[in-house]
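Q: Here's a sequence, model it:
(4 chains)
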Protein chains: 4
Amino acid sequence: MKRTAILLLHCPDQTGIITEISRFITDNQGNIVYLDQYVDTVENHFFMRIEFELDNFLIPEEKILDYLNTMYGQRYDMKISIHFTDEKPRMAIFVSKMNHCLYDLLARYKAGELDVEIPCIVSNHEDLRYVAEQFQIPYYVWSIKKDHSNKNEVEESEIELMRREKIDFIVLARYMQILSDKLISSYPHNIINIHHSFLPAFVGAKPYNQAYERGVKIVGATSHYVTEELDAGPIIEQDVTRISHKDTPQSISMKGRDLEKIVLSRAVKKHIEWKILTYSNKTVVFA
Amino acid sequence: MKRTAILLLHCPDQTGIITEISRFITDNQGNIVYLDQYVDTVENHFFMRIEFELDNFLIPEEKILDYLNTMYGQRYDMKISIHFTDEKPRMAIFVSKMNHCLYDLLARYKAGELDVEIPCIVSNHEDLRYVAEQFQIPYYVWSIKKDHSNKNEVEESEIELMRREKIDFIVLARYMQILSDKLISSYPHNIINIHHSFLPAFVGAKPYNQAYERGVKIVGATSHYVTEELDAGPIIEQDVTRISHKDTPQSISMKGRDLEKIVLSRAVKKHIEWKILTYSNKTVVFA
Amino acid sequence: MKRTAILLLHCPDQTGIITEISRFITDNQGNIVYLDQYVDTVENHFFMRIEFELDNFLIPEEKILDYLNTMYGQRYDMKISIHFTDEKPRMAIFVSKMNHCLYDLLARYKAGELDVEIPCIVSNHEDLRYVAEQFQIPYYVWSIKKDHSNKNEVEESEIELMRREKIDFIVLARYMQILSDKLISSYPHNIINIHHSFLPAFVGAKPYNQAYERGVKIVGATSHYVTEELDAGPIIEQDVTRISHKDTPQSISMKGRDLEKIVLSRAVKKHIEWKILTYSNKTVVFA
Amino acid sequence: MKRTAILLLHCPDQTGIITEISRFITDNQGNIVYLDQYVDTVENHFFMRIEFELDNFLIPEEKILDYLNTMYGQRYDMKISIHFTDEKPRMAIFVSKMNHCLYDLLARYKAGELDVEIPCIVSNHEDLRYVAEQFQIPYYVWSIKKDHSNKNEVEESEIELMRREKIDFIVLARYMQILSDKLISSYPHNIINIHHSFLPAFVGAKPYNQAYERGVKIVGATSHYVTEELDAGPIIEQDVTRISHKDTPQSISMKGRDLEKIVLSRAVKKHIEWKILTYSNKTVVFA
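A: Model (predicted):
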């Protein structure tokens, strides 16, 4: 695989953007290997992801974003980001007591499915230290008091750890604490949560119990970026599984765990591949 | 196919009910061809569906229910109903302007999939008369004024028609009017609605638009029995389909129509086969 | 909606194609509204679909393809086709005795989901004339003798009808005859069939019975372009539904009919939108 | 949970079997907590699973099967087996080099989802010893020579281990060796395999490559009991996932791994719960 750069950009829709950007790349000796584009015809907004080979690219890597911003940023009111495929994103995992999402992410990591570094696992409980040890990843515990009196302090420590470890994004793998706005705003649209319901149904606590009470015939799981409003951030991926009157809250929860793992890992994979753009509290997820 | 009777019953769970009932049938020379049973271990409630051949049954058909009620009704606090497979249920269809669910039901009826009589189609608009005529089914229109001033009157006429045509149950095939409590209570758990969302998400009007606004990745459809609270009755069947950021409210609506047809027809089929028991605002749907 | 042209093209992969083509369009005042592209990295082959607005396009419509062929055809060994969104494709439907796919296609057509003309329905049986009449579409019957002695003759008549009615593509909506190579080669990759199995499982006759015999837990349907080898052409779309040990060949067939309708209609829709490219007996189906 | 016994039985269909058996249990003071029954109307064969509480049961546990065989075995030509829910089945896992199914089974085991003992993991390679060690389960390796010259010997050792560890059933978690008839016949319908295709499509080696070559739009996985004919035993469970032209054999394989894990674990769970009956090379899987 040759080294490539990935451009993600969006702006109000206008004639000629695709040509403009693709010409910029080709004129500078970049070879486009992937282009996906989408126009939201309701909001009249343009989104694009371009991946190109850097081998003979005439502009030094560290200046590409500057060039693009100068040439197109203001003219098109365009938001642009750039990523390089040989730089592995650094991912922190937050967990509480349930091990299934953690095991799943680490097994995929071990199998080479997730092209990331995982410098740390953070928890408010000691329970899953054995999993971290199985995979030889540092495990940090800051327990939060029932009255939440030390929550600020704990989050300060967590944020400091994130900085020290140069964390790019955080995955909440069934982390049962609500994050403060401060932590959220340190990683805007870079904290991925898995909520164990088909959002917007069953927001908040114990969604499987809520599903049982309502007598639904299908339950779901939703991965989304965390925003300040609980369970209301941009949805990345959802999936569902069929249940019946025979299911209890316990069996629903067991079936749901399989969903959670898959839905979370798909979201993480798309995030790592820089295939997600967010806009108006929604996501554009390229194929 | 031999003539059979179908018993549907439920009661607080107790030891020996299955044996008791199956013995009753066998002792009276009925041959059990199907028995499905379920215990809700949370509510401690027992549900059963038994189908048996009537050929040599010693008790006259019209007296079976009396016998059962006398022998078990009070003793077990048991609710019992009986149906005979050679009596086709009579189904009324209510529609407004969209033709897809109506076409689907009538095509299945014509193909022999739905073992019912359809004596009438009722609407608040003339629009779908041509479909009724294609299938030679009487089409009745009572238009409801925008201020709903004649709604009571219209429902009176509808209820009268239902009585005259000996309607057993009503299917709302995208009927865009909210029924009055009077009509609902005339057909308790015998009015099937199709709601075009994955309930309880997106209750009420324009669910596909709501889904678009929220940016969900999957949309659904739900068939349920109509109760007095809007979109809150016992859910019979649900299904979902995947959408993406590319979908507009229009394309979601188009994809949704396929779901609506299938989810509604499955519910109607289960109802006709007497495979649904309702309890605590939920359904037990036997396979 | 503005008038647009759709380019479909494929060629061995090379640097700069996207830029080249998009520059051609933009330089000639076309506004690209959609671009999807794909590189088969195994075969090293490039595929693209571009849609652009024609309003101010400098090249006369009837000459665009010539220009493209001249400029790029030989240079890139590129196969190019062009379609205009205001020209409705003309579709013929072939049927035998089962009405479900026919009803489904016609109901979608009536509801405005399928942007085509349907000048004729062709059959080897009289059975479905009533459906054609319901929708006021001419219905042609040529019955084929059991010994197939008049098959050539029948196909001659059919081909003549296709020519007279300027048919662009044919849909076999559960047409139970094997087409001759002559008819197939008259419409290369323009005859869409629905096979009622999850191909390549259960090729040939009575796939639902084969599925029952093998005891599978899921059955499927497959829409594909017809080629000379039976049930072996490029697959356009597939879908599946769950069955269980309780299903008989009859009930599998009933469940399968819902699949067939959906899978066939999705394929027809993709075909009409010119979103399908074929290559190496496979399809590239753009989203 | 009270201690229960589970009866699995099947026989040619006849009048009165349900009553007969349920009366036997009730008369002996057993409380039936679950009864599921099914008649194959094509083969005219009856299947039943009954679970009953043993608390006050009048017949000693070790004699129940004798009683049943004596009373009904010959009379109805009935095959009967009995299981007790407090006896955990002992499961051996066979693996080669891929870790995903093994990790998945062990994580579920650790999470309490699988009510079994796992006394040993067997392999023909050292590769997955680290996984076994993470979960502290003995790991046995017998490597098989390329010319298979020591295959008999290896299987003898394996069979001896199975006997020593009192193994009830074997799970082939992507074990890449074909078992000999001798090993298969030691565990008739007690060896569960996961095949990574939607059987009967793509029997044999490299099914994901076969799927890629054929251009299918959906791939699947199948768990089945191993019989002497390769990939042809009774199917327990199947599931599928959608792919597109964008998928390579590698990405199909990655998506497939998620399927394999889920399909295999569902089959193991059903087996452990004694919910599977086999007949005519098919399974009856109770809900």
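Q: going forward, measure contacts between C-alpha atoms and count neighbours the same way
A: Noted.
Q: Closest residue of the stretch 101-250 of chain A to chain C?
A: Going by CA to the nearest CA, chain C is nearest to residue A:242 of the stretch 101-250 of chain A, at 11.3 Å.
Q: which residues touch that residue?
A: Counting by CA atoms under 8 Å, 6 or more residues apart in numbering or on different chains, residue A:242 makes contact with A:217-219.
Q: How about residue A:34?
A: Counting by CA under 8 Å, 6+ apart, residue A:34 has contacts A:49-52, C:37-39.
Q: hang on, the earlier thing: within reach of chain B, which of the contacts of residue A:242 are there?
A: Near chain B, judged by CA under 8 Å from any CA of the partner chain, the entries from the contacts of residue A:242 are A:217-218.
Q: Strands - which of the contacts of residue A:242 land there?
A: Of these, the ones assigned to strands by DSSP state E are A:218-219.
Q: Just give me the closest of the contacts of residue A:242 to chain D.
A: For the contacts of residue A:242, the closest approach to chain D (CA to the nearest CA) belongs to residue A:217, at 14.9 Å.
Q: Please state the backbone phi and psi of the closest one?
A: Per-residue torsions, residue A:217: phi -100, psi 0 (degrees, to the nearest 10).
Q: what about the strands in the stretch 151-287 of chain A?
A: Ranges of strands in the stretch 151-287 of chain A, per DSSP state E, counting those that start in this stretch, are A:169-172, A:191-195, A:218-225, A:235-242, A:276-279, A:282-285.
Q: Mean pLDDT added to those, as CSV?
A: Converted to CSV, the strands of the stretch 151-287 of chain A look like this (pLDDT from 0 to 100):
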stretch, mean pLDDT
strand A:169-172, 98
strand A:191-195, 97
strand A:218-225, 97
strand A:235-242, 96
strand A:276-279, 96
strand A:282-285, 97
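Q: what's the closest of those to residue D:230?
A: Proximity to residue D:230 (CA to CA) singles out strand A:235-242 among those, at 31.1 Å.
Q: quick one: that closest one to strand A:218-225, angle?
A: Relative orientation of strand A:235-242 versus strand A:218-225 (axes from the mean of the first three to the mean of the last three CA atoms, to 10 degrees): 170 degrees.
Q: now strand A:235-242 against strand A:191-195, angle please.
A: On the basis of the same axes, to 10 degrees, strand A:235-242 is oriented at 20 degrees to strand A:191-195.
Q: in strand A:235-242, what's buried?
A: Neighbour-count burial for strand A:235-242, counted by 16 or more other CA atoms under 10 Å in any protein chain shown, picks out A:235-241.
Q: Of those, which is the nearest to residue B:177?
A: Nearest to residue B:177 among those is residue A:240, at 30.3 Å by CA to CA.
Q: number of nearby residues for residue A:287?
A: Neighbours of residue A:287 under the rule other CA atoms under 10 Å in any protein chain shown: 10.
Q: just residue A:45 next, same as before
A: By other CA under 10 Å, 15 other residues sit near residue A:45.
Q: For chain B, what's the nearest residue on chain A?
A: Going by CA to the nearest CA, chain B is nearest to residue A:201 of chain A, at 4.6 Å.
Q: Burial check on that residue, number of neighbours?
A: Around residue A:201 there are 18 other residues, counting by other CA under 10 Å.
Q: Please apply the same query to residue A:35.
A: By other CA under 10 Å, the residues close to residue A:35 number 20.
Q: Quickly find the element holding it.
A: Counting by DSSP states H and E, the element that carries residue A:35 is strand A:31-40.
Q: Now do stretch A:266-274: everything it contacts.
A: Outside of stretch A:266-274, the residues within contact range by CA under 8 Å, 6+ apart are A:6, A:8, A:83, A:89, A:114-116, A:171, A:192, A:223-224, A:236-237, A:276, A:285.
Q: make it 7 Å
A: A:89, A:114, A:223, A:236-237, A:276 (CA atoms under 7 Å, 6 or more residues apart in numbering or on different chains).
Q: Which two among the residues you listed are spaced furthest apart?
A: Using CA to CA, those span at most 20.0 Å, a distance reached by A:89 and A:237.
Q: returning to what we had before: what's the distance between the residue of the stretch 101-250 of chain A closest to chain C and residue A:27?
A: Using CA to CA, to the nearest Å, residue A:242 is found at 52 Å from residue A:27.
Q: How about the stretch 51-200 of chain A: which residue is closest to chain D?
A: residue A:134 (6.0 Å).
Q: Report how many residues lie close to the nearest residue to residue A:284 once chain neighbours are set aside.
A: Closest residue in space to residue A:284, ignoring its immediate chain neighbours: residue A:277 at 5.0 Å, by CA to CA, 6 or more residues apart in numbering or on different chains. When neighbours are defined as other CA under 10 Å, residue A:277 has 21 of them.
Q: Point out the residues in chain A that sit beside chain D.
A: Residues of chain A lying close to chain D by CA under 7 Å from any CA of the partner chain are residue A:134.
Q: buried sites along the longest helix that chain A contains?
A: In chain A, taking DSSP state H as the definition, the longest helix is helix A:249-272. In terms of neighbour count (16+ other CA under 10 Å), helix A:249-272 has its buried residues at A:249, A:252-268, A:270-272.
Q: and if you look at stretch A:85-93?
A: Within stretch A:85-93, the residues that count as buried by 16+ other CA under 10 Å are A:85, A:88-93.
Q: For that stretch, what is the distance to the chain centroid?
A: Centroid displacement of stretch A:85-93 relative to its chain, using CA atoms, centre = their mean, to the nearest Å, is 12 Å.
Q: Please work out the average pLDDT along that stretch.
A: The pLDDT scores in stretch A:85-93 average 95.
Q: could you list every residue that touches residue A:143?
A: A:124-125.
Q: Check for me that it belongs to a strand.
A: No. Residue A:143 sits outside any strand when classified using DSSP: H, G, I helix; E, B strand; the rest coil, being coil.
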